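Enquirer: Structure for the following, please:
(chains A and B)
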Number of protein chains: 2
Amino acid sequence: MTTLEDRPLVLDDEARAALFTDARTANAFAGTPVTDQQLAQIWDLARWAPTGANLQPMRVLFVRTDEARARLLPHLADTNRDRAASAPVTAVLAVDDRFHDNIPTVAPYMAGLQPVLEENTAMRGDMGTYSAALQAGYFILAVRALGLAAGPMAGFDKAGVDAEFFAGTTWKSSLVVNIGYPGENAYRPRMPRLDPGEVVRFV
Amino acid sequence: MTTLEDRPLVLDDEARAALFTDARTANAFAGTPVTDQQLAQIWDLARWAPTGANLQPMRVLFVRTDEARARLLPHLADTNRDRAASAPVTAVLAVDDRFHDNIPTVAPYMAGLQPVLEENTAMRGDMGTYSAALQAGYFILAVRALGLAAGPMAGFDKAGVDAEFFAGTTWKSSLVVNIGYPGENAYRPRMPRLDPGEVVRFV
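Expert: Coordinates of the predicted model:
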């Protein structure tokens, strides 16, 4: 195992480019398949990054058969439908509304939190939404870490997706992410980022 | 510039370990300083990762002087105060409630969204919270990409921090992240992650 002391001081330039500075949201995908093993590897990276009280509320549904994709597409916004249709895989990222049931396993030292979250559904919703969004950020970068392009999309009918895929479960969809290798005309011109001077302060 | 075709297919083992599989939340920090240049580099990675409609609602306050730290510590939960006291830098991650004012700059093709978000404060709050949490995930991994340890903490008095640092602004705090090099006894035993079989499904 790599120990903490063995770690490189920084990622090299190529790795920084692949994850952050040069990576782009893909809007069209090549026919190149993505294997279930690659999808499992994405999760095997993303799942280690931190969540509030280690509660890990995010869940993942990988939609990768033609039959399942045909069930997903009608629930996407018009502009997103072609993007997902061309992707070999689309991940539906969800929150498990019963994530606090796992406290005895994942955070036994926080046992007192379980009845609080059982009772206080607003607090539970806020905690679940926030940590699942953190995990969605990790997930997008983990897709890129596998050398794949990610295409996150918030424009879809959540109630429709939930009824189609999560009926009878406690999973609620929050984000959809296309996954694959970029196809022709995959990228639009890059939209600007805010100037750090507007966003970052030092005290 | 590195082109998309030049990218490595995957991060190497060390980089994966440093960002995901071997990285840990640090609870105590060494005296080694962190420079303002390093802090700027963290943001220069994190700011490129995607947000909903490119709206980039997250803001960052880097607290790194003794005077500023003394203003921050009283607002942290007891168990988090010692952690932040030992960190050379603590970042307060916030949401700018007026993030939609930047639509003409960052998403001119979405001009119609600006009046909608001006009016619908609930939708604005949800969008801001979600994308800022995605950005917080990117931020934590960017800290690690610089070879630094991150210590995210949700346990603090948000109203107190906002009154202390953001009075008269539209910034609202959401997460606090200690940043530095790990000190002695920085790490607790790793808490378990949920089994992928409980979390990931394929259709």
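
Enquirer: hang on, isn't A:D162 packed against A:S174?
Expert: No. A:D162 is beyond contact range of A:S174, at 10.2 Å (criterion: Cβ atoms under 8 Å). For the C-beta atoms, the positions are set from N, CA and C on the backbone; glycine is no exception.

Enquirer: So if I had to pick from those two, which one is more boxed in?
Expert: The neighbour comparison of A:D162 against A:S174 (other Cβ atoms under 10 Å in any protein chain shown) goes to A:S174, with 22 against 17.

Enquirer: Mind checking the pLDDT average for the helix or strand where that one lies?
Expert: Using DSSP states H and E, A:S174 maps to strand A:171-180. Mean pLDDT, strand A:171-180: 98.

Enquirer: One more: stretch A:39-54?
Expert: In this model, stretch A:39-54 carries a mean pLDDT of 97.

Enquirer: Kindly report the same for stretch A:12-29.
Expert: 93.

Enquirer: can you pull the buried residues of it?
Expert: By 16 or more other Cβ atoms under 10 Å in any protein chain shown, the buried positions in stretch A:12-29 come out as A:14-20, A:22-29.

Enquirer: Go through those residues and name the one nearest B:I103.
Expert: A:T25 (17.9 Å; Cβ to Cβ).

Enquirer: what about that closest one, is that helix, strand or coil?
Expert: State at A:T25, reduced to three classes by DSSP: H, G, I helix; E, B strand; the rest coil: coil.

Enquirer: isn't it right next to A:A154, touching?
Expert: No. The pair A:T25 / A:A154 is not scored as a contact, 11.8 Å apart, by Cβ under 8 Å.

Enquirer: For the residue in chain A that chain B sits nearest to, list the residues it contacts.
Expert: Of all residues in chain A, A:G137 sits closest to chain B, at 2.4 Å by Cβ to the nearest Cβ. Shown in contact with A:G137 (Cβ atoms under 8 Å, 6 or more residues apart in numbering or on different chains): B:A49, B:A133, B:L134, B:Q135, B:A136, B:G137, B:Y138, B:L141.

Enquirer: go with 10 Å
Expert: A:G137 is in contact with A:46, A:49, A:152, B:46, B:49-51, B:131, B:133-141, counting by Cβ atoms under 10 Å, 6 or more residues apart in numbering or on different chains.

Enquirer: how far away is A:A87 from A:V34?
Expert: Distance, A:A87 to A:V34, by Cβ to Cβ, to the nearest Å: 9 Å.

Enquirer: which one of those two has more residues nearby?
Expert: Neighbour count, other Cβ under 10 Å: between A:A87 and A:V34, A:A87 has more, with 28 against 20.

Enquirer: Which stretches in chain A count as helices?
Expert: A:13-16, A:36-46, A:66-72, A:78-86, A:103-106, A:113-119, A:121-145, A:158-165, A:196-199 (DSSP state H).
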